[in-house]
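Undergrad: model the following, please.
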Amino acid sequence: MSYNTKNYTEQGGEVTHIGGKLIIDEGGSVEGLPSAESQAPSEATTVAGIKDDFNTLLASLKDIGVVTKDAFTVGAGLIPTPTEEDLVFNHSKVSEVEIEDNEISITCAINELRSFASSDPTQGTHKWIGLAIATGEGSILGIKYNGTYDFAQADVDEATSVGCPAGSFVLYIKADEVINEAKTITLNKKGFEKAGIVIRVFDNQN
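TA: Next comes the predicted model:
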(Lines give C-alpha, C1' and ligand atoms only; values in the text may rest on other atoms or scores of the structure.)
Protein backbone atom coordinates (compact mmCIF):
# COMPACT_ATOMS: atom_id res chain seq x y z
CA MET A 1 0.00 0.00 0.00
CA SER A 2 1.33 3.45 -0.89
CA TYR A 3 0.08 7.00 -0.57
CA ASN A 4 1.18 10.54 -1.37
CA THR A 5 1.54 13.26 1.25
CA LYS A 6 1.65 17.01 0.64
CA ASN A 7 3.78 17.68 3.72
CA TYR A 8 7.03 15.73 3.95
CA THR A 9 10.69 15.94 4.88
CA GLU A 10 13.35 14.90 2.39
CA GLN A 11 15.84 12.19 3.22
CA GLY A 12 18.53 13.60 5.49
CA GLY A 13 16.07 15.98 7.16
CA GLU A 14 17.43 19.24 5.76
CA VAL A 15 14.41 20.21 3.62
CA THR A 16 10.72 20.03 4.52
CA HIS A 17 7.97 20.63 1.94
CA ILE A 18 4.63 22.12 2.97
CA GLY A 19 2.13 21.46 0.21
CA GLY A 20 -0.86 21.36 2.53
CA LYS A 21 -1.58 23.39 5.65
CA LEU A 22 0.73 24.07 8.59
CA ILE A 23 -1.15 24.81 11.83
CA ILE A 24 0.55 26.37 14.84
CA ASP A 25 -1.51 25.29 17.86
CA GLU A 26 -2.06 27.53 20.87
CA GLY A 27 1.15 27.79 22.84
CA GLY A 28 3.26 26.78 19.86
CA SER A 29 5.88 28.99 18.25
CA VAL A 30 8.18 29.23 15.25
CA GLU A 31 11.83 30.18 15.61
CA GLY A 32 14.42 31.29 13.08
CA LEU A 33 12.18 33.23 10.69
CA PRO A 34 13.62 36.56 9.48
CA SER A 35 12.40 39.66 11.25
CA ALA A 36 12.54 43.32 10.35
CA GLU A 37 14.68 45.81 12.26
CA SER A 38 12.95 47.30 15.27
CA GLN A 39 11.34 50.62 14.41
CA ALA A 40 10.29 53.17 16.99
CA PRO A 41 6.66 54.35 16.92
CA SER A 42 6.13 57.20 14.51
CA GLU A 43 6.15 60.65 16.06
CA ALA A 44 5.39 62.35 12.76
CA THR A 45 3.05 65.32 12.91
CA THR A 46 2.48 65.68 9.17
CA VAL A 47 1.14 63.41 6.46
CA ALA A 48 4.52 63.60 4.70
CA GLY A 49 6.28 62.45 7.88
CA ILE A 50 3.87 59.53 8.34
CA LYS A 51 4.46 58.54 4.72
CA ASP A 52 8.23 58.53 5.23
CA ASP A 53 7.94 56.40 8.38
CA PHE A 54 5.62 53.95 6.64
CA ASN A 55 7.94 53.67 3.63
CA THR A 56 10.88 52.94 5.95
CA LEU A 57 8.91 50.10 7.55
CA LEU A 58 7.80 48.80 4.16
CA ALA A 59 11.38 48.76 2.88
CA SER A 60 12.44 46.73 5.94
CA LEU A 61 9.69 44.18 5.26
CA LYS A 62 10.85 43.93 1.65
CA ASP A 63 14.44 43.38 2.70
CA ILE A 64 13.54 40.35 4.85
CA GLY A 65 11.24 38.85 2.21
CA VAL A 66 7.85 39.41 3.86
CA VAL A 67 6.94 41.71 0.96
CA THR A 68 8.31 41.30 -2.57
CA LYS A 69 11.23 43.63 -3.27
CA ASP A 70 10.99 46.34 -5.92
CA ALA A 71 13.20 46.40 -9.00
CA PHE A 72 14.98 49.29 -10.69
CA THR A 73 13.76 50.17 -14.18
CA VAL A 74 17.09 50.97 -15.80
CA GLY A 75 17.34 53.14 -18.91
CA ALA A 76 20.31 54.68 -20.69
CA GLY A 77 21.24 57.26 -23.30
CA LEU A 78 23.77 60.00 -23.95
CA ILE A 79 23.47 62.94 -21.59
CA PRO A 80 21.04 65.33 -23.36
CA THR A 81 22.88 68.68 -23.16
CA PRO A 82 26.64 68.28 -22.60
CA THR A 83 28.58 71.53 -22.35
CA GLU A 84 32.22 70.46 -22.91
CA GLU A 85 33.24 70.90 -26.56
CA ASP A 86 35.22 67.66 -26.70
CA LEU A 87 32.37 65.69 -25.17
CA VAL A 88 29.90 67.15 -27.68
CA PHE A 89 32.27 66.09 -30.46
CA ASN A 90 32.60 62.54 -29.08
CA HIS A 91 28.85 62.20 -28.82
CA SER A 92 28.58 63.10 -32.50
CA LYS A 93 30.59 59.94 -33.21
CA VAL A 94 28.20 57.70 -31.26
CA SER A 95 25.75 56.00 -33.59
CA GLU A 96 23.69 54.10 -31.04
CA VAL A 97 23.07 53.52 -27.34
CA GLU A 98 20.91 50.50 -26.54
CA ILE A 99 19.90 48.75 -23.33
CA GLU A 100 18.48 45.26 -22.91
CA ASP A 101 18.28 43.24 -19.70
CA ASN A 102 20.42 45.87 -17.94
CA GLU A 103 23.18 45.58 -20.55
CA ILE A 104 24.09 48.90 -22.16
CA SER A 105 25.69 48.82 -25.62
CA ILE A 106 27.41 51.93 -27.01
CA THR A 107 28.33 51.87 -30.69
CA CYS A 108 30.76 54.51 -31.90
CA ALA A 109 33.69 55.29 -34.20
CA ILE A 110 36.29 54.62 -31.52
CA ASN A 111 39.30 55.86 -33.54
CA GLU A 112 37.58 59.19 -34.21
CA LEU A 113 36.87 60.01 -30.57
CA ARG A 114 38.93 62.74 -28.95
CA SER A 115 40.97 62.09 -25.85
CA PHE A 116 40.71 64.81 -23.23
CA ALA A 117 41.41 65.25 -19.54
CA SER A 118 38.69 64.73 -16.98
CA SER A 119 37.76 67.60 -14.66
CA ASP A 120 38.89 65.20 -11.93
CA PRO A 121 42.68 64.91 -12.36
CA THR A 122 42.69 61.43 -10.82
CA GLN A 123 40.58 60.15 -13.73
CA GLY A 124 43.23 60.96 -16.33
CA THR A 125 42.92 61.57 -20.07
CA HIS A 126 40.59 59.28 -22.03
CA LYS A 127 38.06 59.10 -24.84
CA TRP A 128 35.14 60.11 -22.66
CA ILE A 129 31.46 59.49 -23.38
CA GLY A 130 28.76 60.77 -21.01
CA LEU A 131 25.80 58.52 -20.19
CA ALA A 132 22.54 59.42 -18.52
CA ILE A 133 21.39 56.33 -16.63
CA ALA A 134 17.80 56.26 -15.42
CA THR A 135 16.82 54.26 -12.34
CA GLY A 136 13.06 54.39 -12.74
CA GLU A 137 12.79 56.20 -9.40
CA GLY A 138 11.69 59.76 -8.78
CA SER A 139 15.07 60.60 -7.26
CA ILE A 140 18.50 59.00 -7.00
CA LEU A 141 18.77 60.03 -3.33
CA GLY A 142 18.75 56.92 -1.17
CA ILE A 143 20.38 54.82 -3.91
CA LYS A 144 23.84 53.37 -3.39
CA TYR A 145 26.29 53.14 -6.31
CA ASN A 146 28.65 50.16 -6.45
CA GLY A 147 27.80 49.19 -2.90
CA THR A 148 29.73 52.02 -1.23
CA TYR A 149 28.74 55.43 -2.61
CA ASP A 150 25.46 57.09 -1.62
CA PHE A 151 24.17 59.47 -4.28
CA ALA A 152 24.02 63.01 -2.91
CA GLN A 153 22.33 66.27 -3.88
CA ALA A 154 25.45 67.20 -5.85
CA ASP A 155 24.81 64.22 -8.13
CA VAL A 156 21.20 65.30 -8.61
CA ASP A 157 22.37 68.81 -9.49
CA GLU A 158 24.98 67.48 -11.93
CA ALA A 159 22.39 65.37 -13.74
CA THR A 160 19.93 68.27 -13.88
CA SER A 161 22.59 70.64 -15.26
CA VAL A 162 23.06 68.46 -18.37
CA GLY A 163 19.38 67.84 -19.02
CA CYS A 164 18.90 64.44 -17.39
CA PRO A 165 15.40 63.71 -16.05
CA ALA A 166 14.71 63.15 -12.35
CA GLY A 167 15.84 59.77 -11.13
CA SER A 168 18.86 59.70 -13.45
CA PHE A 169 22.57 60.05 -12.81
CA VAL A 170 25.56 60.88 -15.00
CA LEU A 171 28.23 58.27 -15.68
CA TYR A 172 31.29 59.15 -17.74
CA ILE A 173 32.70 56.18 -19.65
CA LYS A 174 36.33 55.70 -20.73
CA ALA A 175 35.46 54.37 -24.18
CA ASP A 176 39.09 53.52 -24.95
CA GLU A 177 39.15 51.14 -21.96
CA VAL A 178 35.61 49.78 -22.00
CA ILE A 179 35.94 48.69 -25.63
CA ASN A 180 38.50 46.15 -24.38
CA GLU A 181 36.79 45.18 -21.13
CA ALA A 182 33.14 45.68 -20.17
CA LYS A 183 32.38 47.91 -17.19
CA THR A 184 30.00 46.63 -14.51
CA ILE A 185 28.24 48.80 -11.95
CA THR A 186 25.62 48.05 -9.31
CA LEU A 187 22.70 49.91 -7.78
CA ASN A 188 21.27 49.20 -4.33
CA LYS A 189 18.41 50.66 -2.35
CA LYS A 190 16.64 49.52 0.78
CA GLY A 191 13.68 47.35 -0.27
CA PHE A 192 15.03 46.83 -3.81
CA GLU A 193 16.63 43.97 -5.66
CA LYS A 194 20.28 44.71 -6.38
CA ALA A 195 20.73 45.76 -10.03
CA GLY A 196 23.87 44.84 -11.92
CA ILE A 197 24.46 46.89 -15.07
CA VAL A 198 26.99 45.90 -17.72
CA ILE A 199 28.31 48.56 -20.14
CA ARG A 200 30.01 47.62 -23.41
CA VAL A 201 31.51 49.73 -26.22
CA PHE A 202 31.53 48.54 -29.83
CA ASP A 203 33.41 50.01 -32.80
CA ASN A 204 31.09 50.64 -35.76
CA GLN A 205 34.08 50.70 -38.11
CA ASN A 206 34.75 46.98 -37.69
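Undergrad: distance check, K190 against I143.
TA: 10 Å (C-beta to C-beta, to the nearest Å). C-betas here are computed from N, CA, C, even on glycine.
Undergrad: D150 reaches K144, doesn't it?
TA: Yes - with contact defined as C-beta atoms under 8 Å, D150 counts as touching K144 (5.5 Å).
Undergrad: looking at these two, which is more packed in?
TA: Counted by other C-beta atoms under 10 Å, D150 and K144 do not tie: K144 has more neighbours, with 16 against 12.
Undergrad: immediately after the lowest-mean-pLDDT helix or strand in the chain, which helix or strand?
TA: Lowest on mean pLDDT, DSSP states H and E among the helices and strands of the chain sits helix 47-63, with a mean of 70. Next in sequence after helix 47-63, counting helices and strands by DSSP states H and E, comes strand 75-78.
Undergrad: point out where the chain drops to low pLDDT.
TA: For the chain, applying pLDDT under 70 flags the ranges 1-4, 32-36, 39, 55, 57-67, 206.
Undergrad: identify the single longest strand in it, thanks.
TA: strand 195-203 (DSSP state E).
Undergrad: quick one: list the elements packing against it.
TA: Packing partners of strand 195-203 (3 or more C-beta pairs under 8 Å, 6 or more residues apart in numbering; DSSP states H and E): strand 103-108, strand 128-134, strand 168-174, helix 175-178, strand 183-188.
Undergrad: ok, now with 10 Å
TA: Secondary-structure packing of strand 195-203 (3 or more C-beta pairs under 10 Å, 6 or more residues apart in numbering; DSSP states H and E): strand 94-100, strand 103-108, strand 128-134, strand 168-174, helix 175-178, strand 183-188.
Undergrad: next, the buried residues of stretch 127-144.
TA: Buried positions in stretch 127-144, judged by neighbour count with 16 or more other C-beta atoms under 10 Å: 127-135, 137, 140, 143-144.
Undergrad: closest one to V47 out of those, please.
TA: Closest approach between the buried residues of stretch 127-144 and V47, by C-beta to C-beta: E137, at 20.9 Å.
Undergrad: how close does the closest one get to F54?
TA: Distance from E137 to F54, by C-beta to C-beta: 17 Å.
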